[in-house]
Structures are given as structure tokens and as C-alpha cells.
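Engineer: Only the shape, not the letters, is given here:
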């Protein structure tokens, strides 16, 4: 089964107007499937190369010559992080004949990949993140509860049973820690990384305290930050930053931390099925992370996500900002009859009386809690955000 990815049109638009596009995201997220779908829509002959294939690597022995001989084709190169020497050559080839729709690069991002390619291909490439599947892409086939439990990696969502999905996610995490991170340059004991991941799962949705993690793992704070940089740059976790405004309030400065895909979160904490999720003590934080990931995955490029919190209790789980201006606040509640604290209203006022959407799983209809605060449910949320022109949907 293949799903229509909502970023399809954006990728097509970018590659029509630039020599290169890079699709970046974790392994198994669907980059290769998307690229092969796009091959059918792009009106240009194309070639697909996989740098995990020795045969394809051998074709690139004379890298520049190979690419120059195929300047009339779209060359799709998968697993580009395996060949960092590719990027200076791409720049040379592009600059010899400046035309669009030349290269589509697919890779599991690393600090090295982003640094090299951004340095050498500036003005020639557009980076587009491929997120795990979002509900608007799969709603005709799966419920949001299934997506929340299993996560959005296609091979983990589309299995016939929760047991097989769980086993696939366990295998993914093991491979990620033992093989993928070393390929990206992080040579650390998988046991240490697994313990770090368990700690992140424990504080998922909370403020990140580097010192606590440092003490628990017996490593220094800078080492913790370096490991988390690798986790973040390979799309496993998200550090959601606080939003700062010039007001006379003491603002929280630490980021909040999430495991991006709740299917992986649930695998780390050994939740296999919906019954176990319902009894999970961290269910509310898991739900919060799920909704935040679903929103952020669909945001337009000019909309930026933050959270907002002051020391006196004013708080918004998610704040969407356009330019320098807060646009809408989002509070995420697992209860369908949510109670909103005074801090939510104060946060709205702090930020210029912005509207606040309170997201619940199943609220039957939208209703106001105050002139600025509206309760909606998960499925209707995306219609509202689309009406505000904050997200892209199919």
C-alpha cells in the first residue's frame, strides 16, 4: 500500500525551480518510496542509484564523469551520507551547466551531511524533511489511535498485528543504536545509548535537565549534549525550544524533549497494545507528543514551533509563530471535558491576545471556554490550522 504524501507538491515545485532537492529523514520513513512515486510525475528521464548497493557505488568510480554524461537526466541518489565526497562534485557539475531538476538526494541526516552539503551547495539545493506518516495521509485506512500507538513509520504502522508492529519497532531501535548512529559518526556503546533513550522516554514531554541525565548516566553534561545532538540530527528526538518575548516575566529557558515518533516511544517503554497504552502513567505526555509531531510535520516553512512557559505558571504546550509574531497557541489535553487553568488565558494575553485551541481526542463539537479559547478535537484541529494557513495538507 502506498500513501499520497502531502509534501509531494512541494518537492515537485522545488525541484522544478532548483538544480537539486534533498529528502532527509530517518531510515524506513518512506524516502525511497516517495522518490520512486515522484519519478513517475517528473517529466524527465531519471536514474536511481543506491549507495548501499556496491554495484551502484562502482558506477560512480569516476564520479564527475558519470554525472556529466547524464546531465540531461534526473539522477536520484539514495543514502547520500555514505559518500560525503559527492557534494563538492555536485557543485562543480551543477555550475558547469546551471539547469533545474538535476539531482534528488535521499539521506539520513547527520551533522557532517548537513555541514558539507549546505557549505558546498548553497543556493543550489532545497532541504525537505520526510516525516513519519501523519493522520491526514492515512485517515482513510487507519484510526488516529492506531497511528498514535504504532507510530508513523510505514512498516510499523501497516503490519497485520500490534505484536508484529511492536517487534518491528524494537528491531528498528536496536539497528538504529548499533548500526545507524555509528555510520553517522557516533561511536558509543549501544548499552549507553539505550539507557539514554530510556531516560528520554521517562521525561518525554517535560523540561530537559541535562544535569540530571549526566548524573544518572555517569557522564559529563557536554557528552550528554553531544549524544542528544546526534539523536536530534538523525530525527529520533525533538528538543522544542521556549519562546521568548520582552516582557517583565521570568521565562523558562530549558527546552522540552520528546521522542518524535510515539510508536518508538511506546516500544522503549514496552507498550505493545491499546490496553497497555490506556493504563500507561505517561499517557498524557505521549498524547501531547503525538499531537505536536502531527502538527509540526505539516507546518508551512515560514511557521515555527515553540512552547511558552513562565515561572508563575502561564503556559502553552505549543506556540506557532510566523516571523516574529505569535499566531496561535495550542493546549493538548487527553480529557474530552478539559479544564483550562488561568495560566492559559494569561499566556494568550502575554502574547498579544492570540487565539488558543484546546485539542482533545474526541470532543463531539467545538465550543468556546472563553472568547479566546476554543475546544476542538484531534481530527478537526487540522481543518482549523489549514484555515489559518499554517499547515499543508493533502
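Structural biologist: Structure received. If you're wondering where the values come from, they're calculated on a predicted model, not measured in any experiment. Residues are numbered from 1 along each chain as shown.

Engineer: Show me what secondary structure element comes after the helix or strand of the chain with the lowest mean pLDDT.
Structural biologist: The weakest-scoring helix or strand in the chain, judged by mean pLDDT, DSSP states H and E, is helix 111-120 (a mean of 64). Counting by DSSP states H and E, the next helix or strand C-terminal to helix 111-120 is strand 125-129.

Engineer: What is the very next helix or strand once past that following strand packed up against?
Structural biologist: Beyond strand 125-129 in the direction of the C-terminus, DSSP H and E gives the next helix or strand as helix 135-138. If contacts are counted by 3 or more C-beta pairs under 8 Å, 6 or more residues apart in numbering; DSSP states H and E, helix 135-138 sits against helix 144-150, helix 378-387. From N, CA and C alone the C-beta is placed, and that goes for glycine too.

Engineer: What mean pLDDT does the next helix or strand after the first one get?
Structural biologist: Going back to what we said before, that points to helix 144-150. Scanning forward in sequence from helix 144-150 by DSSP H and E, the next helix or strand is helix 154-157. For helix 154-157, mean pLDDT rounds to 96.

Engineer: Check which residues of helix 154-157 are buried.
Structural biologist: The neighbour-count check on helix 154-157 (16 or more other C-beta atoms under 10 Å) flags 154, 156-157 as buried.

Engineer: could those be laid out in TSV, adding distance to residue 341?
Structural biologist: TSV is the format used below for these (distance: C-beta to C-beta, whole Å):
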residue	distance to residue 341
154	39
156	36
157	35
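
Engineer: Looking at the residues you listed, which is nearest residue 255?
Structural biologist: Proximity of the buried residues of helix 154-157 to residue 255 (C-beta to C-beta) peaks at residue 156, which lies at 26.6 Å.

Engineer: for the closest one, what are its contacts?
Structural biologist: Contacts here follow C-beta atoms under 8 Å, 6 or more residues apart in numbering; on that basis residue 156 touches 28, 150, 165, 168-169, 172, 263.

Engineer: quick check, nearest of those to residue 347?
Structural biologist: Nearest to residue 347 among those is residue 263, at 30.6 Å by C-beta to C-beta.

Engineer: which element is that closest one on?
Structural biologist: Secondary structure from DSSP H and E places residue 263 in helix 262-268.

Engineer: Over to residue 48?
Structural biologist: Element membership of residue 48 [criterion: DSSP H and E] is strand 46-50.
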